[in-house]
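**Student:** predicted model, plus sequence, below.
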Amino acid sequence: MARLLLRRLGLAVLLVLAASALIFALIAAAPGNVAALIAERAAGAGADAAMIARIEDELGLNDPLPVRYLAWLGDAARGDFGVSLRTGNPISEEFAARIPVTGLLLLCGGAIALVLSLGAGLAGAASNGGPLDRALHAAALIGASTPNFFVAALLVLIFAVTLGWLPSFGATGAAAWVLPSITIALFPASVLSRVVRVNLQEAMARPFATTGFAKGLTRREVLWREALPNIAVPYLTTFGAQFTLMTIGAIVVETVFALRGVGSFFIDAIRFRDFIGMQASLLLFVVFFVAVNFLVDVICLFVDPRLRRARG
Amino acid sequence: MLPITRRRLLGAVSTLTLIAALPRGPLAAGHETLRIAIAGETGDLDLLQNVSTLSSYTAVFDALIHYGPGGALEPGLATAWTVSEDGKSIAFDLREGVTFSDGTPFDATAAEWNLRRWMGVPDFSWIGISDAFEDIVVDGPNKITIKLKRPVPAGLQELAIVRPVRMLSPKAVDADGKQTAPIGTGPWVVESYDSARTVLTRNETYWGEKPFFSRMELIVVPDELARANGLRAGDLDVIGGDWVATLSPRRARALESEGMTVVAEPGTAAMHLGFSPTSPMVQDKAVREAVFLGIDRAAIATVLFEGFADPTVDVFPANIPLSGKRHEVPARDVAAAKAALAAGGWTEEGPGWSKDGQPLELDLLVSEESLPGSRRIAEIVQGMLSEVGIKVNVDSVDNATIHERRPAFDYDLAFFTTYGAPYDPHGSLGASFLKATDTGPDGKIYVSDDLDPIVKAALEATGDEREAKTQAVYDWLWDNVAIAPLVVQQRIWAHGPRLQGFALPATDYDLPFKGVSAS
């Protein structure tokens, strides 16, 4: 088991290293000059060629790309992501202030997605082809096909502008988190509800379900006791993937609801050509993706002994 | 510990739902707070760094001179000033009894300390009065004189720009002279700031007319639709302003139709279609004339800007000082445009024109990211010029690319905007029409060896000569059809129903709070 975990961890580290090299190369190849931006920030219209050359020298921008990459990676590993060209603040400070915002959004969205998907999947399986099952199928299809910026606008229009029940943006108070959390949860909830429904359907056709019925259990009891634990691995794997994908949703949702999280920092960095901010944000996303997937793998190994036996 | 039962769980969820569903009106910040949307965080308002949002400085910091409507220079922390006959010294009478919000008195020593932070410093040589700085003399507790190496005709106006000219408390810096807190003498005091909002409280010791509101929140809402919805929902009081949180003409019309109050006033920055000085095609004056005549500026103003723009053929809007004689905006004239091409030796062949075997085809460089709305304008221009027979290729690029290609004149046609108040006319003339100035990524509207001495003469002219010499620049540009001015976009703001007395300040770098009260 320990060897298996170590192997997974080693793979995760390799993946982060490969992705970081790709991020660095892509940002380095992008048009625009970091030194020019720093000079512009310091001196506005007074930024001239000599000043830009001096900053290039100071930052080591004339060094070979691999040297620059290793220096950047080393600093990043120590938590030093550099200074944002847009805000002038250390990026580690920006992250410290913004990760809790994005984290809370993802947690709330994840919790809603979890509850909705299990509820809708189970209800659909219990209905088994009935009107409720068909209605939930249609709802999932709509939920998975509607872009989150549209969902956000619609929710704001109804609950903030028309009814005045909830704030239209911001992060002040619990009520302010309701609309962003629902918006970000809708897509994963729709996808996951279908995962639950389809896997339950398959599980209900397996011999252990038939045995359950033979023992006199009702359909609902078989669903809860026999089928549901058996879909844990596919559900957790898909949930992990959807949870990480919510970071992409967070970029839009944070912008639309004026939440000052990592997603909005990334968008601002793109908009203002803050290359250092872009690099740091992308690296953070990669680490998050890899970490969540690693965690899901570990949980699956603990949940399902068959996986431990197969991989061990 | 109580066991979690289904009943308790349902009860807790219902209570939380009920709390979330409570109307927020009575719980909101109250009538004493003015809530203005800003597109990006204000930052630390460091006066020497080019980072913080420009529009927030004027709420906290005062300058010696303030920029008034139409470019009138109004007393700020200086009550009077006298420029010597040779133009090389400016004596100021400072306002007495003023203190910074930390209690430090504002006097000649504080003013001198502030001015020496940027005057004569190489990083600020782009400001004429800094470049020509020689010394400061303290003439008394409330009198100072700035000594210059040469006259700077726009020097007084330069003292009214946003930064770095404003006055900071001498106690608000560290041992290295770096600003540690935004402490000024202005009407507001920064209580707190972060990436989500900046909270300001009324400066009760402010020397001028105090704001009605005791508190002002500048709330970061980057998305325009979210700002409009915030205004509709009553979460915001004011949105708009080019340098604050842009309100597009289309959205403004939508808000207007819903009963919101939209306030629009003539803008101070003009939008131009620039001709590359290195493109052989547009160096043909006949082509420039045809482009100039083939564009329907009124249609652009009406259709694309929903009426929130004024057509123009002048370099600067009339509300900019020394903006010169006004020209009537001609109606679009396709026949005259074609005649100009024919007179220039171009031959009409089928749907297009050619000269010496070269077809008339122009690249229009555009970046939606750099200038929102510009791609639609480019497409309209493309359509209009195609009726003249000029083929225009719209080259849509990202922000970084336009910032590289524009300074290199790597285009035939490109959009430019002048800086606007309080930086014009000297700001745009010096940066966008002089060959030698290093303007970095913004590029230049038009430069030529013939134009250079005329612009220099205008920028160096003093006294009564300034008007005539500046007019000479406009005349040269007009006679040579060196630029194709398009429109002046209006300054658009919108506010909610509870505000009264809303009026726009002189520039979009100022926040609109003066005279505003709540019903």
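**Tutor:** Sure thing, it's come through.
**Student:** residue ranges with poor pLDDT in chain B?
**Tutor:** For chain B, the stretches with pLDDT under 70 are B:1-31, B:438-441.
**Student:** repeat for the stretch 1-150 of chain A
**Tutor:** In the stretch 1-150 of chain A (pLDDT under 70), the answer is A:32, A:37, A:40-48.
**Student:** please, where are all the helices along it?
**Tutor:** Secondary structure of the stretch 1-150 of chain A (DSSP state H, counting those that start in this stretch): helices at A:2-29, A:34-43, A:49-59, A:65-77, A:91-127, A:131-145, A:148-155.
**Student:** now the stretch 251-400 of chain B
**Tutor:** B:285-294, B:297-299, B:334-343, B:374-388, B:399-405.
**Student:** please identify which of the ones you listed is closest to chain A.
**Tutor:** With CB to the nearest CB, the closest approach to chain A among the helices of the stretch 251-400 of chain B belongs to helix B:399-405: 3.7 Å. Bear in mind the C-beta positions are built from the backbone N, C-alpha and C, glycine included.
**Student:** helices or strands up against the closest one?
**Tutor:** strand B:361-366 (3 or more CB pairs under 8 Å, 6 or more residues apart in numbering or on different chains; DSSP states H and E).
**Student:** what would the helices of the stretch 1-150 of chain A look like in CSV with distance to B:R197 and mean neighbour count?
**Tutor:** Listed next are the helices of the stretch 1-150 of chain A as CSV, based on distance: least, CB to CB, whole Å; neighbours: other CB atoms under 10 Å in any protein chain shown:
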stretch, distance to B:R197, mean neighbour count
helix A:2-29, 30, 14
helix A:34-43, 23, 21
helix A:49-59, 32, 15
helix A:65-77, 30, 14
helix A:91-127, 13, 20
helix A:131-145, 32, 15
helix A:148-155, 20, 18
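**Student:** so which of these is nearest B:D93?
**Tutor:** helix A:34-43 (31.6 Å; CB to CB).
**Student:** residues from the stretch 151-300 of chain A in reach of chain B?
**Tutor:** A:153, A:156-157, A:160-161, A:164-171, A:174-175, A:178, A:255-260, A:264-265, A:267-268, A:271, A:273 (CB under 8 Å from any CB of the partner chain).
**Student:** repeat that with 6 Å
**Tutor:** A:156, A:160-161, A:165, A:167-169, A:175, A:178, A:255-256, A:258, A:260, A:273 (CB under 6 Å from any CB of the partner chain).
**Student:** want to throw those into JSON lines with secondary structure, pLDDT and distance to B:L371?
**Tutor:** Listed next are those as JSON lines, based on DSSP: H, G, I helix; E, B strand; the rest coil; pLDDT from 0 to 100; distance: CB to CB, whole Å:
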{"residue": "A:V156", "secondary structure": "helix", "pLDDT": "95", "distance to B:L371": "28"}
{"residue": "A:A160", "secondary structure": "helix", "pLDDT": "95", "distance to B:L371": "31"}
{"residue": "A:V161", "secondary structure": "helix", "pLDDT": "94", "distance to B:L371": "30"}
{"residue": "A:W165", "secondary structure": "coil", "pLDDT": "94", "distance to B:L371": "39"}
{"residue": "A:P167", "secondary structure": "coil", "pLDDT": "94", "distance to B:L371": "32"}
{"residue": "A:S168", "secondary structure": "coil", "pLDDT": "94", "distance to B:L371": "28"}
{"residue": "A:F169", "secondary structure": "coil", "pLDDT": "93", "distance to B:L371": "26"}
{"residue": "A:A175", "secondary structure": "helix", "pLDDT": "93", "distance to B:L371": "38"}
{"residue": "A:V178", "secondary structure": "helix", "pLDDT": "96", "distance to B:L371": "37"}
{"residue": "A:T255", "secondary structure": "helix", "pLDDT": "91", "distance to B:L371": "20"}
{"residue": "A:V256", "secondary structure": "helix", "pLDDT": "92", "distance to B:L371": "23"}
{"residue": "A:A258", "secondary structure": "coil", "pLDDT": "93", "distance to B:L371": "24"}
{"residue": "A:R260", "secondary structure": "coil", "pLDDT": "92", "distance to B:L371": "26"}
{"residue": "A:R273", "secondary structure": "coil", "pLDDT": "77", "distance to B:L371": "15"}
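**Student:** so of these, which two are at opposite extremes in space?
**Tutor:** Among these, A:W165 and A:R273 lie farthest apart (CB to CB), at 39.4 Å.
**Student:** looking at the two, which one has more neighbours?
**Tutor:** With neighbours defined as other CB atoms under 10 Å in any protein chain shown, A:W165 and A:R273 compare such that A:R273 has more, 24 against 17.
**Student:** surely B:S367 touches B:I402?
**Tutor:** Yes. Checked against CB atoms under 6 Å, the pair B:S367 and B:I402 is within contact range at 3.8 Å.
**Student:** between these two, which is the more surrounded one?
**Tutor:** Shown here are B:S367 and B:I402; by other CB under 10 Å, B:I402 has more neighbours (28 against 23).
**Student:** surely that one touches B:E369?
**Tutor:** No. Taking contacts as CB under 6 Å, B:I402 lies outside contact range of B:E369: 7.9 Å.
**Student:** A helix includes B:I146, no?
**Tutor:** No. Looking at B:I146 with DSSP: H, G, I helix; E, B strand; the rest coil, it is strand, so not inside a helix.
**Student:** okay, and the beta partners of it?
**Tutor:** Counting by DSSP bridges, B:I146 forms beta bridges with B:I90, B:I136.
**Student:** what about it, neighbour count?
**Tutor:** B:I146, neighbours per other CB under 10 Å, totals 26.
**Student:** mind jotting down where the helices sit in the stretch 201-312 of chain A?
**Tutor:** Going by DSSP H, counting those that start in this stretch, the stretch 201-312 of chain A shows helices at A:207-214, A:219-221, A:228-230, A:232-256, A:262-271, A:275-303, A:305-311.
**Student:** quick one: closest of the helices of the stretch 1-150 of chain A to B:K143.
**Tutor:** Short answer: helix A:34-43, nearest of the helices of the stretch 1-150 of chain A by CB to CB, at 31.1 Å.
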